[in-house]
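1. Just the structure for this:
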Amino acid sequence: MSDDASGSAAAEKGLEGAHHGVASFETDDKSPIRQLQHFLHNYPTAIPFIVLIIGILIFTLAAGSKFFAPFNLSLVLQQVTIIGVLGIAQTLVILTAGIDLSVGAIMILSSIVMGRLAVVGGVPVPIAFTLGLATGAICGMINGVLVALVRLPPFIVTLGTWSIYGALVIYVSRSETIRFQDIEATAPFLQVLGTTMKLGGGAVLTYGAILMIVLAVVVWYMLSRTAFGRHIYAVGDDPEAARLAGINTRGTLIGVYTLAGLICALAGWVTIGRIGAVSPLAGQNANLDAITAVVIGGTSLFGGRGSIVGTLVGALIVGVFRNGLALAGVDVLWQEFTVGILIILAVTIDQWIRRVSA
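-> Below you'll find the predicted structure:
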């Protein structure tokens, strides 16, 4: 055999070996664990759904028919309504790789503006309600301007505005609670979301829960079907690449924080309906509960991945675990302990899923 023929044969043999090497590598890459990692990366809401189903099964076995009763399940939905609405606002911000610690303070400030203007100030209810919504939007816009234009870290910005808006809550409310009877007599529209509808089997649904579901559908459509929604994901995934692609990243961030503030104001309206009064002490831990729902719901704290559906499922998980543990006679201390474990597990799984793109 000639040297050329020998060289050609060796080259073909080497190429064949290389192909075998690639095939072997791809086989290793298709291991069940790797496939699961890719699946969860593409469908991050799958884990919260599985956890929710497991939680319902566990507490149905532990607490018996009391937990799975229609009235109790509808009660869980009522209990997570405020967290769910705030969670929608928080999801928008976290999708941009930011965070908003002030959502709870914005919610309460907006509710107090509505209540004091309508009940104490004698302002017509439609005007008072509109000004309350505007208060939330302005507070959110301030956060967005500081993050997008001044380029301050979202955590520091909203930590500061959390204190500022909290101080305004005390100032505007004068540390006074507007009673249920006073609101009912002068501005019953502010309590309308607390109105209940009786369903079959003893289940009760509030207008606040309906608003949460409608709001979730609207925001889901915006994120999945509009250019603004795609811009939100792009900014959270890689802001520099989004900017080079022609996206107005600063305008997107300001828009997100402003919209989040408006949704927080709607959460303030839900709060009035839920408790029947306007109190400066309501929802003190609402911001942390909202972040909990978002994280457990599969939205990445690093931005660019997550969904509104996941957030609602995350809120339901928190509600189911707290309700189920309470029915099982578990102390409140251990209820919070369990929620803390869920948060750590959710973040750990998120980190593991993110390695797919590493």
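
2. which residues of this structure score low on pLDDT?
-> 1-30, 41, 354-358 (pLDDT under 70).

3. Strands along that one, start to end?
-> Ranges of strands in the chain, per DSSP state E, are 196-198, 204-206.

4. if I pick the residue nearest the centre of the chain, what's in contact with it?
-> With distances taken as CA atoms, centre = their mean, Gly87 lies nearest the centre of the chain, 3.0 Å away. Each residue near Gly87 by CB atoms under 8 Å, 6 or more residues apart in numbering is listed here: Ala290, Ala293, Val294, Gly297, Thr311, Leu312, Gly314, Ala315. Bear in mind the C-beta positions are built from the backbone N, C-alpha and C, glycine included.

5. before we move on, back to that, kindly reformat the strands of the chain as a markdown table containing distance to Thr348 and mean neighbour count.
-> Output for the strands of the chain, formatted as a markdown table (distance: least, CB to CB, whole Å; neighbours: other CB atoms under 10 Å):
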| stretch | distance to Thr348 | mean neighbour count |
| --- | --- | --- |
| strand 196-198 | 39 | 12 |
| strand 204-206 | 35 | 17 |
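
6. Using TSV, lay out those strands together with distance to Ala63.
-> As requested, the strands of the chain are exported to TSV (distance: least, CB to CB, whole Å):
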stretch	distance to Ala63
strand 196-198	23
strand 204-206	19
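
7. Please identify which of those strands is closest to Arg250.
-> With CB to CB, the closest approach to Arg250 among the strands of the chain belongs to strand 204-206: 38.5 Å.

8. circling back: looking at the strands of the chain, which is closest to Ser110?
-> Smallest distance to Ser110 across these (CB to CB): 19.2 Å, for strand 204-206.

9. who touches the closest one?
-> For strand 204-206, the external contacting residues (CB under 8 Å, 6+ apart) are 71, 74-75, 77-78, 81, 193-199, 273-274.

10. Minimum distance to Ile156: which of the strands of the chain has it?
-> So among the strands of the chain, strand 204-206 is nearest, using CB to CB, at 36.6 Å.

11. The closest one pairs with which strands, and in what direction?
-> Note on strand 204-206: by DSSP bridges, its sheet partners are strand 196-198 (antiparallel).

12. Show me how far the partner strand is from its chain's centre.
-> Counting by CA atoms, centre = their mean, to the nearest Å, strand 196-198 is centred 26 Å from the centre of its parent chain.

13. What of stretch 229-243?
-> Offset of stretch 229-243 from its chain centre (CA atoms, centre = their mean): 19 Å.

14. circling back: indicate which one of the strands of the chain is closest to Ile254.
-> Among the strands of the chain, strand 204-206 sits nearest to Ile254 (CB to CB), with 32.9 Å.

15. number of nearby residues for the nearest residue to Val313 once chain neighbours are set aside?
-> Leaving aside its sequence neighbours, Val313 sits nearest to Pro48 (CB to CB, 6 or more residues apart in numbering; 4.2 Å). Using other CB atoms under 10 Å, Pro48 is surrounded by 27 other residues.

16. cool, Asn42 as well?
-> The number of residues near Asn42, taken as other CB under 10 Å, comes to 11.

17. Now do the contacts for Leu159.
-> Contacts of Leu159 (CB under 8 Å, 6+ apart): Leu101.

18. any idea how far Thr226 is from it?
-> 31 Å (CB to CB, to the nearest Å).

19. can you check Leu244 too?
-> To Thr226, Leu244 is 21 Å away according to CB to CB.

20. what's near enough to touch the residue nearest to Val313?
-> Pro48 touches Ile296, Gly297, Gly298, Gly310, Val313, Gly314, Ile317, counting by CB under 8 Å, 6+ apart.

21. so can I have JSON lines of these showing neighbour count and distance to Ala326?
-> Listed next are the contacts of Pro48 as JSON lines, based on neighbours: other CB atoms under 10 Å; distance: CB to CB, whole Å:
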{"residue": "Ile296", "neighbour count": "28", "distance to Ala326": "18"}
{"residue": "Gly297", "neighbour count": "30", "distance to Ala326": "22"}
{"residue": "Gly298", "neighbour count": "27", "distance to Ala326": "25"}
{"residue": "Gly310", "neighbour count": "26", "distance to Ala326": "25"}
{"residue": "Val313", "neighbour count": "23", "distance to Ala326": "20"}
{"residue": "Gly314", "neighbour count": "33", "distance to Ala326": "19"}
{"residue": "Ile317", "neighbour count": "25", "distance to Ala326": "15"}
